[in-house]
Structures are given as structure tokens and as C-alpha cells.
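Enquirer: what would the 3D arrangement of this be:
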Amino acid sequence: MKNLSLLLALVIPFLFSNCKQADADGDVTFAKQTFESLARGNTSVADDIDWETFTSLGVPVGQRYVTFKNDAERADFTNSFITQFSSSFRESGGSADNFTNWKVDSHDETHTKVTADSSGGILKLTVSERDGKERLSAIEVIKQTICPSPTFRCNEPHEYS
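Expert: Take a look at the predicted model:
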């Protein structure tokens, strides 16, 4: 019995850590599917976005959303946002298929940051939980700097003559 107690004491923490990893892996799937729906302009994705806190490319969309007085105004706003986001994304040459290597960048009790790579930079999506439901709360893009040559250090100051 003593050995069983010792064994359980050692195994239980690993079981819970695997649950957290499974949650984070599920967040990758959720983030990818949500972004792909948003990029396609699928307005049903509105239910998967945390509109009250949502930021997109540095714009605090949620601040505008909370000013609307009723559900009809909020629905008009969210549908317009989704349509415009999708149009802008496609017109700039974007395609959800261009993103690869989807993975968890960081994970804590309230947020999971998911990243995906593309030739133009890194997409960073934040998945949050509100009212027991996971939702997309932020979209960021980190542009990649392309260096002119392997010996050129892009992140250091340079003098040009």
C-alpha cells in the first residue's frame, strides 16, 4: 500500500501536465481553424472571436465593439469586420494555405499563443478562454527582415556612404 501511494504521488503530476499539453495542442487546432475561417470570410467564425477584447494587427477592435448598444449593431460590426479582413487579406496576396509549422509559442492558465510561419513573417494568434469557451483574442504579424547577404547584420546600425 505504501508503494502504491508513492507511485501515485509520482504519477499524478505527470497526468495533469499532459492534460495541459493536450489543451495547448487543441488550441493550435482551434487557432488554425478560426484563422482559416476568418481569412475565407466565413461569418460564422464570429462566435469564435472574443470581440470584447479582440485586437487585430495592433488595432483594439474590442474597444469599438463594446460601444455598440444592441445585438443588431454588434452583429453588423462583426460581419463587416470579417468581410473586410478577408477581402484585405486576399487582395494583399494572402492565403491561409501559405501558413505552415503551426505550434504553441507559450501557454498559461488563461492564454495560449499559437504561431505559424509564412514567407512574409510569423503569424501569432492568442487563444483565450471566456465563459468556458475558447476564443481568438488577438492576431499579430511579425514581419521578417530579409538580409541582403549572409555577412550583413540586419539588426545592427549601419553607416552608408
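Enquirer: okay, and the beta partners of the most centrally placed residue in the chain?
Expert: By C-alpha atoms, centre = their mean, the chain has its centre lying nearest to residue 125, at 1.3 Å. Taking DSSP bridges as the rule, residue 125 bridges to residue 114, residue 139.
Enquirer: close enough to count as contact, it and residue 33?
Expert: No - applying C-beta atoms under 8 Å as the test, residue 125 and residue 33 come out as separate, 10.8 Å apart. Placement of C-beta: from N, CA and C, glycine included.
Enquirer: would you indicate which residues of stretch 120-135 are buried?
Expert: Across stretch 120-135, burial judged by 16 or more other C-beta atoms under 10 Å covers 120, 122-129, 134-135.
Enquirer: typo on my end, stretch 64-71
Expert: So for stretch 64-71, counting by 16+ other C-beta under 10 Å, buried means residue 65.
Enquirer: go on, stretch 109-118?
Expert: 112-116, 118.
Enquirer: now do stretch 29-43
Expert: Using 16+ other C-beta under 10 Å as the test for burial, stretch 29-43 gives 30-32, 34-35, 37-39, 41, 43.
Enquirer: contacting residues around the residue nearest to the centre of the chain?
Expert: 31, 34-35, 113-116, 136, 138-140 (C-beta atoms under 8 Å, 6 or more residues apart in numbering).
Enquirer: ok, back up a step: from the buried residues of stretch 29-43, which ones fall inside helices?
Expert: 30-32, 34-35, 37-39 (DSSP state H).
Enquirer: so how far is stretch 124-138 from its chain's centroid?
Expert: How far stretch 124-138 lies from its chain's middle: 8 Å, per C-alpha atoms, centre = their mean, to the nearest Å.
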